[in-house]
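Enquirer: quick one: sequence plus predicted model below, questions after.
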Amino acid sequence: MQVRLEPGILRGTVGAPPSKSMAHRMLICAALAEGESVVRPIELSEDILATSDGLRALGAEIRQEGNALRVKGCRPADADSTVIPCRESGSTLRFLLPMCLLNGKEMTLTGSERLLSRPLDVYETLCADCGFRMERTPAGLRVQGKLTPGEYTVRGDLSSQFLTGLAYALSLLQGESVLRILPPVESEPYLRMTLEAMAASGVAVTQTETETLVIPGGTCYRAGEKTVEGDWSNAAFFEALRQAGHDLRITGLREDSLQGDKVCREYFRQITAGGASVDVTDCPDLAPVLMAFAAMNGGARLTGTRRLSFKESDRGQAMAEELAKFGVTVTIGENEIIVGSETPYSPRTNLQGHNDHRIVMALAVLCTRTGGVIDGAEAVRKSFPGFWDTMRILGAEITAG
């Protein structure tokens, strides 16, 4: 899908879509509970559909009711299916893989080539240490083993998603487990979101130290009505537009949210003030929109960027390639990115979305100032399928091809 945006000013009120990160977590908690739960509101993005598919394969019953999903819980250890589809969702793969290590059967997690090539070092080390099988094959990622309660030590510097997946799986065992996390802990706000979702479902994980989790065994997840808060990650694109001079009001966001991406508001202010250096260690998903915003506001330095190459695309390199088409230089270091101070001009060649939703939406922000054509604009379906409709409602002049 190709989209042409014309320069212009957006006006109106935009409601933040439901948090994809919290929706993943609430759906999993609902699928692990006895009885039925309702999770709402839900944006049926590709990632949420992937988690729903995976949970169904593990035995959960999930059906859509308007903007909600009704979930009947399951016991993953008793799953009949041995194939867990993950589409292109890294969250789905990393959250559900440990649940495939509950019954000792060979299980296969499937997904796109890019997904199955993403780093899984924490799980590879765990499986090797425990004598489990884990191998990448043309059919998918095959695992076989049976987790037992105990003490596990894992790296925290790759992604908090590994910690989330282990916390869910270990909580389903009969005995208590201790998860020791080797510092530094990357994206820690996402781990706190996991613990909040688990606690709301009746499973209280104790964080005795910053790097130690005590996970109770033999507890039952509680079914019920679950409300998904607004998404700071996707609202960040509209906050960038607002701070760039568009007449926008954003609603539906919790100021006390645990989401790490709520720092976007302050980071945009710092970039506007000039000479900013912002750390994305705990909010790597903000990097593309921060780079686009910096290009509109005289440049900036981003630190904590080394993990950007492990996302849906190599996000630092992808944004550098696209910002060059606007005449803005980008310097990429080992753990930092510097966006130059050149004034962006209208790109003379088509922009590429790199099959990455956050790259596409970041480029859209910049194109409201310069105009431009984005190829691969359908990538927004991964997290925010209503993005282009929302932009049109706010007055963006968009032609789809």
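Expert: Done, it's in.

Enquirer: and the closest residue to Arg75 other than its chain neighbours, how many neighbours does it have?
Expert: Closest residue to Arg75 apart from its sequence neighbours, by Cβ to Cβ, 6 or more residues apart in numbering: Gly59 at 6.6 Å. C-beta here means a position set from N, CA and C on the backbone, and glycine is covered the same way. Look at Gly59: counted by other Cβ atoms under 10 Å, it has 17 neighbours.

Enquirer: spit out the contact partners of Gly59.
Expert: Cys74, Arg75, Pro76, Asp78, Ala79, Asp80, Ser81 (Cβ atoms under 8 Å, 6 or more residues apart in numbering).

Enquirer: mind redoing it with 10 Å?
Expert: Residues in contact with Gly59 (Cβ atoms under 10 Å, 6 or more residues apart in numbering) are Ala31, Lys72, Gly73, Cys74, Arg75, Pro76, Ala77, Asp78, Ala79, Asp80, Ser81.

Enquirer: which SS class is it?
Expert: Three-state call for Gly59 (DSSP: H, G, I helix; E, B strand; the rest coil): coil.

Enquirer: which residue is the nearest non-sequential neighbour of Asn350?
Expert: The shortest distance from Asn350 to any non-neighbouring residue, by Cβ to Cβ, 6+ apart, is to Val373 (4.7 Å).

Enquirer: now that neighbour, which residues is it bridged with?
Expert: Arg4 (DSSP bridges).

Enquirer: please verify my assumption that it contacts Glu322.
Expert: No - between Val373 and Glu322 there is no contact, the gap being 11.7 Å when judged by Cβ atoms under 10 Å.

Enquirer: more crowded one of these two?
Expert: Glu322 (27 against 17).

Enquirer: I figured that one hits Gly372, correct?
Expert: Yes - between Glu322 and Gly372 there is a contact at 9.3 Å, judged by Cβ under 10 Å.

Enquirer: who touches both of these two?
Expert: By Cβ under 10 Å, 6+ apart, Glu322 and Gly372 have these common neighbours: Pro347, Leu351, Leu363, Leu366.

Enquirer: which of these tops the neighbour count?
Expert: Ranking the shared contacts of Glu322 and Gly372 using other Cβ under 10 Å puts Leu363 first, with 30 neighbours.

Enquirer: for stretch 251-267, buried residues please.
Expert: For stretch 251-267, burial by neighbour count (16 or more other Cβ atoms under 10 Å) applies to Gly252, Leu253, Ser257, Leu258, Gln259, Gly260, Asp261, Lys262, Val263, Cys264, Arg265, Tyr267.
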